[in-house]
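> Task: produce atomic coordinates for the following.
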Amino acid sequence: MKTFLKIGLIVFIIGIVGSIGFGIWAYPELKKEEEVVDKSYTYEQDAYEGIHLEFSNQAVEMKKSTDGKIHIDFIHEKHEEVTVVDTGSTLTISVTSTWWDQFINSSLINFNDWFVARKATIQLPESLYKVYIKTTNGGFTVNGVDTESMELRTTNGIIMVENSHSDSFLLKTSNGAIVLTNVEAVNIKGDSSNGRLTFTNLTAEVINAETSNGNIILDVINSPKLVTTTSNGTITGTNITSNDMKFNTSNGAINLTVKGLFEDYKVKTKTSNGNVKINEAEYGNATYHDTKIPYLEAMTSNGNVKITFEN
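As a prediction, this is how the structure comes out:
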């Protein structure tokens, strides 16, 4: 029986190696059969108020335009259909394919993914737009972009935004991290499943950070309202300035450094199978200074809670 399994494993490995070798040798012919198509669109700065883009299996890079125009560049496979809709105020571009096309054009090893980088590049001028972009199996990188609103959605991809401003950020991913650096907004909402959230140097009126099975890391946060929620992850916050803070996790520790005085805050703490320390002193599961208005809530199960107040 063991000999049979060994022979089967050897045959399987030989088959995989042979397939890879054949793919590399035959790639020019394979590419003819399933070639990729380059698409490029350019529009004047004030042509639209909103931009709606939908891709699949493609990373997305968004950056500031160098010539004051809107540029949208991407590649797609031949069987995929590109639809462009112009409503006058909103530009919509979507790349789609039917399930049947996906089935007959898919394989165990997709050699196009080896030789061709699937990335869409979006360049936006300084005019403010309502931006919605959705992709699958690819991440987002955004740098130096100012918008009226920005909604980014992906699966199996990281979302990274830096040096950018928007009235509203809505960032959602599954199986990916969300990383924000040097961002200003009115509202920021980061939502991930099975991904880490890292927010550094953020200023906003409301910040909502939510994930599952991931840590939340905050540094230099200035927001009147801050809500963080995770499960099976730790919450670490330093240099936090806020009058309404909620930190909730399960099976993880909470470690915070907050600007202000402990005596000025209503503080609610709770943990199971852990201890509570405020300014290095031992506390418990209770609400302190319940007549105060500024609020801090730190609640977990199976983890320690440590809060340090600094002037």
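
> Show me this protein divided up by domain.
Taking automatic domain parsing as the reference, the chain has its domains at 1-33, 36-150, 196-311.

> I'd like the ones you listed as TSV, with mean pLDDT and distance to residue 184 appended.
C-beta: built from backbone N, CA, C; applies to glycine. Below are those laid out as TSV (pLDDT from 0 to 100; distance: least, CB to CB, whole Å):
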stretch	mean pLDDT	distance to residue 184
domain 1-33	50	45
domain 36-150	87	9
domain 196-311	96	5
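
> contacts for stretch 299-309?
234-235, 247-262, 265, 267-280, 296, 298 (CB atoms under 8 Å, 6 or more residues apart in numbering).

> In that stretch, which residues are buried?
Using 16 or more other CB atoms under 10 Å as the test for burial, stretch 299-309 gives 299-300, 303-307, 309.

> Count residues in the vicinity of residue 121, would you?
Residue 121: 15 surrounding residues under other CB atoms under 10 Å.

> where does it fall, phi/psi-wise?
Note on residue 121: its backbone torsions stand at phi -120, psi 120 [degrees, to the nearest 10].

> Bridged to it, which residues?
residue 61, residue 73 (DSSP bridges).

> Quick check: it touching residue 74?
Yes: taking contacts as CB atoms under 8 Å, residue 121 lies within contact range of residue 74: 7.2 Å.

> need the strands for the stretch 1-150 of the chain, in chain order.
Ranges of strands in the stretch 1-150 of the chain, per DSSP state E, counting those that start in this stretch, are 36-43, 50-54, 59-64, 70-77, 81-86, 90-96, 119-124, 130-134, 140-143, 146-155.

> could those go into a markdown table alongside distance to residue 284?
Putting those into a markdown table (distance: least, CB to CB, whole Å) gives the following:
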| stretch | distance to residue 284 |
| --- | --- |
| strand 36-43 | 61 |
| strand 50-54 | 51 |
| strand 59-64 | 48 |
| strand 70-77 | 56 |
| strand 81-86 | 59 |
| strand 90-96 | 54 |
| strand 119-124 | 51 |
| strand 130-134 | 46 |
| strand 140-143 | 43 |
| strand 146-155 | 41 |
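
> closest one to residue 170 among the ones you listed?
Closest approach to residue 170 among those (CB to CB): strand 146-155, 4.3 Å.

> helices and strands around the closest one, which ones?
Contacts defined by 3 or more CB pairs under 8 Å, 6 or more residues apart in numbering; DSSP states H and E place strand 146-155 against strand 130-134, strand 140-143, strand 159-174.

> Turn the ones you listed into JSON lines, including mean neighbour count and distance to residue 150.
Converted to JSON lines, the helices and strands packed on strand 146-155 look like this (neighbours: other CB atoms under 10 Å; distance: least, CB to CB, whole Å):
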{"stretch": "strand 130-134", "mean neighbour count": "19", "distance to residue 150": "5"}
{"stretch": "strand 140-143", "mean neighbour count": "21", "distance to residue 150": "8"}
{"stretch": "strand 159-174", "mean neighbour count": "21", "distance to residue 150": "5"}
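
> Of all these, which one is nearest residue 91?
In terms of CB to CB, the element of the helices and strands packed on strand 146-155 nearest to residue 91 is strand 130-134, at 10.5 Å.

> Just give me how far that closest one sits from the chain centre.
14 Å (CA atoms, centre = their mean, to the nearest Å).

> if we can go back for a sec, need the domains of the chain in JSON lines (columns: distance to residue 176).
Listed next are the domains of the chain as JSON lines, based on distance: least, CB to CB, whole Å:
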{"stretch": "domain 1-33", "distance to residue 176": "27"}
{"stretch": "domain 36-150", "distance to residue 176": "6"}
{"stretch": "domain 196-311", "distance to residue 176": "9"}
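
> Deepest-packed of those domains, please.
A comparison of the domains of the chain by mean neighbour count, using mean count of other CB atoms under 10 Å, puts domain 196-311 on top with a mean of 18.

> Quick one: end-to-end length of that domain, please.
29 Å (CA to CA, to the nearest Å).

> now stretch 125-132
16 Å.

> Can you show me the helices along the stretch 201-311 of the chain?
Assigned by DSSP state H, counting those that start in this stretch, the stretch 201-311 of the chain shows no helices.

> In the buried residues of stretch 299-309, find the pair that's most separated.
Spatially, the most separated pair among these is 303 and 309, at 20.0 Å (CB to CB).
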